[in-house]
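Enquirer: prediction below, plus the sequence it came from.
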Amino acid sequence: MTSCDGTGLPPSGTVSDSTDCDDYDPSAHEKFSFYTDADSDTFGFGSLVEVCAADAFSPPVGYSLDNTDCDDTDSRKTITYPFYADADGDTYGAGPLVQACAISDLLPPTGFSLNDTDCDDSNVLKFNTFSFFIDGDEDTFGSNLTGFACAVDAMSPPAGFSINDTDCDDTNALKTISYLYYVDTDGDTFGGTTSELLCTENASSPPNGYSVNNTDCDDADPLKFNLFLFYEDVDGDSFGAGIPLSVCGENSTTPPTGYSLDGTDCDDENDQIYKSTPLYADLDGDGHDDGFVQGPLCYGDTLPAGTSSSTLGTDCDDTDALVYRSAILFTDVDGDTYTVGLGSIVCYGDTLPEGTTLTPSQTEDCDDLSGAVYRSDILFTDFDNDTYTVGAGSAC
């Protein structure tokens with residue numbers, strides 16, 4: 001612009017050049033390089049831009065001499081601080097320290113934490129480790145070994161861990177509890193009195209050499225496991241005595257040595273005698289008895305002399321084997337069936353004594369020496385048969 005006053009100078013309010021970057025601010029007339037400070041916290045961000053200012057050290061509002069603002073949208077945040085990444089947002093971090101823009105070093109932004117104690121930064125529910133028992137077979141029952149594991153809480157162990165140490169075999173998921181079994185030395189499935197706790201799948205599946213019961217009466221003999229009632233046989237003659245005893249045996253019909261199924265031994269200290277039954281006296285051995293022998297009488301394979309186990313009847317004379325029975329016999333010497341006198345008790349054998357009979361006659365034999373005569377009557381003498389008799393009558 002040219003002056004009109006003839007002085008050659010520019011008029012008032014004008015200059016001879018056009019380099020003023022801000023003709024409304026007398027302090028600013030030249031552009032300098034500054035960083036944008038969008039949040040006006042005096043800390044800039046990004047690349048240098050040309051801005052009109054009083055000088056290179058006086059950035060206008062909205063600009064800064066540095067570009068260290070870590071978040072130029074928030075005036076509270078200007079510097080980065082070291083924090084730990086918190087991927088799951090549970091306020092617990094993990095991994096190495098990383099720089100993050102924050103208000104202060106005690107106020108980590110979202111996604112970051114002051115600590116690195118998160119044991120699982122991918123799960124918001126897990127951030128602490130707890131001590132659990134190792135569960136090698138993952139059957140929920142732990143061994144006596146312990147280990148730390150990341151979990152929701154102390155009562156929620158992850159796979160491979162347990163809150164108990166009761167697993168008796170942590171290498172087998174089917175075996176968790178120890179059960180009480182009895183030692184079965186002879187392998188007959190019946191146990192003795194010695195018991196042990198063993199780790200098995202269940203209470204009814206004992207391993208070899210053990211049993212669920214303790215009823216074996218002889219755990220050294222597989223054939224013997226039950227008690228049976230037998231009689232003690234002290235003298236070993238196969239006949240026992242006393243009351244029956246519970247004895248360990250193979251079965252109810254096979255008594256062990258020293259015992260018997262029979263309890264009738266009348267003398268269990270003498271193996272030659274063992275039985276005692278009612279016996280009949282039979283001194284002459286004719287099979288007829290003289291009553292029972294006073295007893296009891298204990299004997300063996302043979303009967304005592306002068307005795308019998310059976311009888312044919314009562315013996316009227318046990319000193320004579322030829323006679324044994326008795327009856328009332330009547331005299332009949334001539335055998336004409338007419339008897340003489342009263343009968344008497346006579347002891348005899350297989351046949352009637354000679355001159356006797358069992359049956360008395362109605363009339364007595366008047367002459368027992370002649371079989372031809374036997375009756376008597378009053379007869380009168382009549383030699384000439386004229387029916388006239390002589391003298392008093394009598395005749396047999």
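Expert: Thanks, I have it. Numbers count the residues shown, from 1 in each chain.
Enquirer: spell out which helix or strand contains Tyr84, please.
Expert: Here Tyr84, judged by DSSP states H and E, is contained in strand 79-85.
Enquirer: which residue ranges of the stretch 251-396 of the chain form strands?
Expert: Counting by DSSP state E, counting those that start in this stretch, the segments of the stretch 251-396 of the chain that form strands are 259-260, 280-281, 307-308, 325-331, 340-348, 356-357.
Enquirer: ok, which of the ones you listed comes nearest Phe148?
Expert: strand 259-260 (66.8 Å; Cβ to Cβ). For every residue, glycine as well, the C-beta is placed using N, CA and C.
Enquirer: pLDDT on the closest one, on average?
Expert: For strand 259-260, the mean pLDDT works out to 98.
Enquirer: now for that strand, which elements pack on it?
Expert: Packing partners of strand 259-260 (3 or more Cβ pairs under 8 Å, 6 or more residues apart in numbering; DSSP states H and E): strand 226-232, strand 241-249.
Enquirer: most tightly packed of these?
Expert: Most buried of these by mean neighbour count (mean count of other Cβ atoms under 10 Å) is strand 226-232; its value is a mean of 18.
Enquirer: strand partners (parallel or antiparallel) of that one?
Expert: As defined by DSSP bridges, the strand partners of strand 226-232 come to strand 241-249 (antiparallel), strand 259-260 (antiparallel).
Enquirer: return the distance of that strand from the chain's centre.
Expert: Distance of strand 226-232 from its chain centroid, counting by Cα atoms, centre = their mean, to the nearest Å, is 26 Å.
Enquirer: quick one: contacts of that strand?
Expert: 215, 217, 240-249, 251-252, 255-256, 258-263, 265, 268 (Cβ atoms under 8 Å, 6 or more residues apart in numbering).
Enquirer: so for it, what's the average pLDDT?
Expert: Rounded mean pLDDT across strand 226-232 is 98.
Enquirer: quick one: terminal-to-terminal distance for stretch 373-390?
Expert: Taking Cα to Cα, to the nearest Å as the measure, stretch 373-390 stretches 23 Å from start to finish.
Enquirer: so how far is it from its chain's centroid?
Expert: Worked out by Cα atoms, centre = their mean, stretch 373-390 lies 117 Å from the chain centre.
Enquirer: stretch 43-52 too?
Expert: 88 Å.
Enquirer: going by neighbour count, which residues in it are buried?
Expert: 43-45, 51 (16 or more other Cβ atoms under 10 Å).
Enquirer: so which of the residues you listed belong to strands?
Expert: 45, 51 (DSSP state E).
Enquirer: so which of the buried residues of stretch 43-52 is the closest to Phe190?
Expert: Phe45 (90.2 Å).
Enquirer: give me the number of residues near the closest residue to the closest one other than its chain neighbours?
Expert: The shortest distance from Phe45 to any non-neighbouring residue, by Cβ to Cβ, 6 or more residues apart in numbering, is to Asp72 (3.6 Å). Per other Cβ atoms under 10 Å, the neighbour tally for Asp72 reads 22.
Enquirer: right, and Asp72 touches Gly44 too?
Expert: Yes - contact criterion Cβ atoms under 8 Å: Asp72 and Gly44 qualify, at 7.2 Å.
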